[in-house]
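S.K.: Compute the structure for the input listed below.
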Amino acid sequence: LLVGGLAWAETSAVQVGKTGLMHSTDPATQGEIREIAAASSARHALLVWQTSGHYFLGPSSRLNAALLAEDGSPGKRPLEACQDTEVREKPAIAYNDGRFLLVWQQFSRSRDWDIYGTLIEENGNVAHACGYPIANGAPNQALPAVAAAAGGFIVLWQEASAGEHNQLRTAKVDAKGMPG
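M.R.: Sure, this is the predicted structure:
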């Protein structure tokens with residue numbers, strides 16, 4: 001992940017370097033980095049990355065995050081609170097009016113892919129540590145994208161039905177983080 005021009009700083013297991021390299025050195029989160037996402041406000045950048053295995057290898061994929069101040073200094077790692085065994089992949093982030101909306105696809109206990117999300121305040125506070133469903137149930141929902149919109153956010157994803165072509169679906173998520 002390139003975040004140009006930042007000086008070396010270290011917080012917990014996250015290092016952000018002058019060359020912009022960001023990686024995890026924490027054994028609990030160590031693993032191959034598979035997906036990355038970033039968004040910024042005037043004062044902060046939220047960086048999210050997925051580490052470790054694939055869903056077919058068991059519940060080993062998780063999301064990690066770091067909140068950086070405008071000078072590149074690290075802040076909280078807001079996603080550490082969620083320690084369940086769900087598989088989270090394909091993060092996407094947008095910023096609007098003091099909040100970031102982080103969305104991802106999650107291989108849920110119902111054994112299909114669903115779209116989940118959570119709001120993260122600029123101070124690093126997370127609304128729902130393990131997220132809440134934005135689109136769930138049959139069929140599979142996957143590959144989310146998110147953009148700022150008037151009064152909140154728009155989330156876009158691919159929906160796959162058996163025997164049909166994939167469809168694009170959208171949902172409005174209000175400024176409080178609730179789909180509607």
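S.K.: And for Thr170, nearest residue in space, chain neighbours not counted?
M.R.: Closest residue to Thr170 apart from its sequence neighbours, by C-beta to C-beta, 6 or more residues apart in numbering: Leu156 at 5.1 Å. All C-beta atoms are positioned from the backbone trio N, CA, C, and that covers glycine.
S.K.: Name the residues of the strand or helix carrying that neighbour that are buried.
M.R.: Here Leu156 sits within strand 152-160, counting by DSSP states H and E. Within strand 152-160, the residues that count as buried by 16 or more other C-beta atoms under 10 Å are Gly152, Phe153, Ile154, Val155, Leu156, Trp157, Gln158, Glu159.
S.K.: Could you find the lowest-pLDDT member of these?
M.R.: Confidence by pLDDT is poorest for Glu159 among these, given 92.
S.K.: What residues are bridge-paired with that residue?
M.R.: Beta-bridge pairing of Glu159 under DSSP bridges involves Gln141, Gln167.
S.K.: contacting residues for it?
M.R.: For Glu159, the contacting residues are Ala135, Pro139, Asn140, Gln141, Ala142, Asn166, Gln167, Leu168, Arg169, by C-beta atoms under 8 Å, 6 or more residues apart in numbering.
S.K.: at 7 Å instead, please
M.R.: Pro139, Asn140, Gln141, Asn166, Gln167, Arg169 (C-beta atoms under 7 Å, 6 or more residues apart in numbering).
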